[in-house]
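In: Mind folding the following:
(one chain, ligands or ions: 3)
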Amino acid sequence: MHSVSNSGSIVGFKVSGNNNRGNCNGRKPLVKVTHRSRVVMGSVPAVKVLAQPKVVRGDHGYVLEDVPHLTDYISHLPTYPNPLQDHPAYAVVKQYFVDTDDTIAQKIVVHANSPRGTHFRRAGPRQKVYFKSDDVHACIVTCGGLCPGLNTVIREIVGSLHDMYGVTRIEGIEGGYKGFYSRNTISLTPKVVNGIHKRGGTIIGTSRGGYDNKKIVNSIEDRGINQVYIIGGDGTQKGASAIYEEVRRRGLNVAVVGIPKTIDNDIPVIDQSFGFDTAVEEAQRAINAAHVEAESNENCIGLVKLMGRNSGFIAMHATLASRDVDCCLIPESSFYLEGPGGLFEYIEKRIKENGHMVIVVAEGAGQDLVAESLRTNDDKDASGNKLLNDVGLWLSQKIKGHFKKQTEMEINLKYIDPTYMIRAVPSNASDNVYCTLLAQSAVHGAMAGYTGFTVGPVHGRECYLPFYRITEKQNKVVITDRMWARMLSSTNQPSFINTKDIIESDMDEAPPTQLQDDRVVDNGFVTKETTVC
Ligand SMILES: Nc1ncnc2c1ncn2[C@@H]1O[C@H](COP(=O)(O)OP(=O)(O)OP(=O)(O)O)[C@@H](O)[C@H]1O
Ligand SMILES: O=P(O)(O)OC[C@H]1O[C@](O)(CO)[C@@H](O)[C@@H]1O
Ligand SMILES: [Mg+2]
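Out: Numbers count the residues shown, from 1 in each chain. Ligands and ions are numbered 1, 2, ... in the order given. Okay, here's the model as predicted:
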């Protein structure tokens, strides 16, 4: 594999670049580099041509979906030796620097004749950096909902910049995106961030809404900021991508880096998002309480509502981990209440068998049913996310109503809604380690001149991912996949779904198994490649 050379024009501005930035070591380049413009429709005004995805093709179907570099649009940028080479902690580590040719395969389950497939650039420190330590002026912003680990990421970005690269000018943007243009910044030093990883929340504050691309980039330019670290979920990363585009359009020497955050685990491609592990662990406490209540009271149902707007990962993992749950309802799998195979029939059966049961419902589950019976409006939050109806309360009332009116059985229902409790806690040990790797990888990438990327693990290896890869779709529980089957077999709940429906919907969209979930960037659009196995 060889480094990407990048030059060419795109509508509105000319892209020029360093034609030989990477290290070919005199070897003949074997790859074909393609650059394509992407056209984004929707909320973006008219037709806007964005910076081109960098796609490198090699032998045997090898594809690298690379990330942008400052030299793609600023020529003759000076480089400096990485200060880490003299750092006592790292100088002794053999091969501490990442080889410029290192990439990570998206698929690790392959057949003998599979093409090599899509790869991502491996994260980590490079031998050369594109910023002198004294010249770096970094900022950090956190946006969207809270998530365990936000403070750890902040702490570790500050620590990495300061301790590894000798950077001293780091500012926290207060209160999310709108803080760029409406608030003062907070100076972040190792002393200020010391110990914050033991606290939930974010010390620099967060918010939804208030995104104003021009004002944000003006503020970056006016303040002389040249590294921007943006921590947030899918909405935040879309905003970060647009900030990168504007920075590039203005030709600014500013690295824009995204760090994906969401307890819902709805960011695609990466193994898992930080805070998810902690949230699942915390959700166990609520499930445990529901189980204790249910077991101790006659004919008792413990009902727990967990977060998960569009993706049911928290509910599914908490259910699998707990083993006390009899039924788990998630947004990806519709269910029904009445009649044969419905929820009421199952509840009646479980109560008769066991005298108690525990139900876990993700907040986004059954929204169609709730909307039908409540006649609701289409309220949205400040970021434009649809506000959900309370499925937990609705379900409690429906269950109570059903058993009161239609059966001889008297039931007890205990409803537990831990909502914010699972995300307002500090991150657990494994999330703290994960956040540290993310932060360090982000800093190494920015120092190496990469920009317009998000960092995250793919099969356990930290990678630099182009923004479009993580914003183009949401990660969802695939109910035709083995994990959901494992969950169903642990609860013994009905699947509520007709096998015929699954087969028909499969024909529309193939499940993202290792062999099938590959897409190619072609004709300006990222498309799904459905490999017939
Ligand atoms: N398409 C978009 N383009 C630009 N900015 C966006 C976009 N979507 C959301 N944002 C901005 O990103 C910020 C966070 O978005 P949002 O509230 O949707 O949370 P999120 O990052 O998706 O995290 P969460 O996991 O909590 O939902 C907000 O300030 C919002 O205005
Ligand atoms: O009430 P808020 O802060 O807008 O956030 C609620 C949403 O945020 C999330 O935790 C995602 O961050 C969702 O699970 C939930 O629906
Ligand atoms: Mg979101």
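
In: And S114, how far from F120?
Out: Here S114 is placed at a distance of 17 Å from F120 (CB to CB, to the nearest Å). Quick note: C-beta positions are derived from backbone N, CA and C, even for glycine.

In: more crowded one of those two?
Out: Set S114 next to F120 and count neighbours by other CB atoms under 10 Å: F120 wins out with 25 against 16.

In: from what I can see the more buried one touches E65, true?
Out: Yes. When contacts are counted by CB atoms under 8 Å, F120 is listed as touching E65 (6.2 Å).

In: shared neighbours of those two, anything?
Out: L465, R469 (CB atoms under 8 Å, 6 or more residues apart in numbering).

In: Tell me the bridge partners for the closest residue to D271 other than its chain neighbours.
Out: Among residues not flanking D271 along the chain, P457 sits closest, at 4.7 Å (CB to CB, 6 or more residues apart in numbering). Assessed by DSSP bridges, P457 has beta-bridge partners E462.

In: Use 749 as the first number from now on
Out: Yes, from this point I'll number from 749; that puts the last item at P1205.

In: which residues sit in contact with P1205?
Out: I1018, D1019, Q1020, Y1182, L1185, C1211.

In: From these, which land in helices?
Out: When DSSP state H is applied, those are split such that Y1182, L1185 fall in helices.

In: If we only consider the contacts of P1205, which is nearest to Y925?
Out: Comparing these against Y925 with CB to CB places I1018 closest, at 22.0 Å.

In: doesn't H1207 make contact with the closest one?
Out: No. Taking CB under 8 Å as the definition, I1018 is not a contact partner of H1207, at 10.0 Å.

In: Between those two, tell me which one has more neighbours.
Out: Using other CB under 10 Å, the more surrounded residue of I1018 and H1207 is I1018, with 23 against 12.

In: Now that one. Nearest residue, chain neighbours left out?
Out: Closest to I1018 by CB to CB, 6+ apart is G1204, at 3.3 Å.

In: any idea how far D1165 is from A1196?
Out: 45 Å.

In: Could you give the secondary structure assignment for R996?
Out: The three-state label for R996, taken from DSSP: H, G, I helix; E, B strand; the rest coil, comes out as helix.

In: and it, how many residues sit next to it?
Out: 23.

In: Now do the contacts for it.
Out: A799, P816, Y821, T1199, G1200.

In: Would you mind measuring from it to ligand 1?
Out: 16 Å (CB to the nearest ligand atom, to the nearest Å).

In: Counting neighbours, what do you get for the residue in the stretch 799-948 of the chain that ligand 2 sits nearest to?
Out: Nearest residue of the stretch 799-948 of the chain to ligand 2, counting by CB to the nearest ligand atom: G893, 3.0 Å away. Neighbour count of G893, defined by other CB under 10 Å: 23.

In: residues touching it, list them.
Out: T954, R956, G981, T1010, I1011, R1171.

In: hmm, try it at 10 Å
Out: 954-956, 980-981, 983, 1009-1012, 1023, 1055, 1057, 1129, 1131, 1133, 1168, 1171 (CB atoms under 10 Å, 6 or more residues apart in numbering).

In: Please, a PyMOL command that selects the buried ones among the residues you listed?
Out: Buried residues within these, by 16 or more other CB atoms under 10 Å, are selected in PyMOL with:
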select buried, resi 954+955+956+980+981+983+1009+1010+1011+1012+1023+1055+1057+1131+1133+1171
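
In: Of the contacts of G893, which belong to strands?
Out: G980 (DSSP state E).
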